[in-house]
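for reference, the sequence and a predicted model appear below.
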Amino acid sequence: MDGHDSEDPKQSTADMTAFVQNLLLQMQSRFQTMSDSIVTKIDEMGSRIDELEQSINDLRAEMGVEGTPPPAASKSSDEPKTPAGST
């Protein structure tokens with residue numbers, strides 16, 4: 001048993017190193033997969049928001065509210081006023 005124990009620390013260290021490296025690679029792969037999934041879902045949400053905005057604009061046009069500027073245009077005209085008022 002003594003002869004086997006003298007080789008054990010080296011083999012045990014090599015095994016542990018290989019195990020940790022493999023575990024880190026698996027974790028990296030899983031995090032990359034999760035990251036890709038999150039980015040894809042964010043892109044999908046952005047597309048849905050764009051579609052919703054277009055639908056709202058279409059409804060407004062059907063109702064005859066075309067003369068009213070869209071909220072994005074009124075926000076952009078308000079933005080320069082905010083910094084000027086705060087300085």
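All right, it came through fine.

show me where pLDDT drops low in this protein?
1-7, 65-87 (pLDDT under 70).

for it, longest helix please?
helix 2-63 (DSSP state H).

what packs against that one?
Judged by 3 or more Cβ pairs under 8 Å, 6 or more residues apart in numbering; DSSP states H and E, helix 2-63 is in contact with no other helix or strand. Where C-beta positions appear, they are placed from N, C-alpha and C, glycine not excepted.

what do you get if the cut-off is 10 Å, keeping everything else the same?
With contacts defined as 3 or more Cβ pairs under 10 Å, 6 or more residues apart in numbering; DSSP states H and E, helix 2-63 has these neighbours: helix 71-78.

can you give me the neighbour number for M27?
By other Cβ atoms under 10 Å, 10 other residues sit near M27.

same thing with N57?
Per other Cβ under 10 Å, the neighbour tally for N57 reads 13.

now it: how far from L23?
Distance, N57 to L23, using Cβ to Cβ, to the nearest Å: 51 Å.

repeat for E51
From E51 to L23 the distance is 42 Å (Cβ to Cβ).

and if you look at S47?
The spacing between S47 and L23, counted by Cβ to Cβ, is 37 Å.

same thing with S55?
Using Cβ to Cβ, one gets 48 Å for the distance from S55 to L23.

do Q54 as well
Distance from Q54 to L23, counting by Cβ to Cβ: 47 Å.

cool, I49 as well?
Distance, I49 to L23, by Cβ to Cβ: 39 Å.

likewise for I56?
In terms of Cβ to Cβ, I56 sits 49 Å off from L23.

so what's the residue count around R60?
Neighbour count of R60, defined by other Cβ under 10 Å: 14.

with the one 4 residues further on instead?
Under the neighbour criterion other Cβ under 10 Å, G64 is assigned a count of 8.

all good on my end, thank you.
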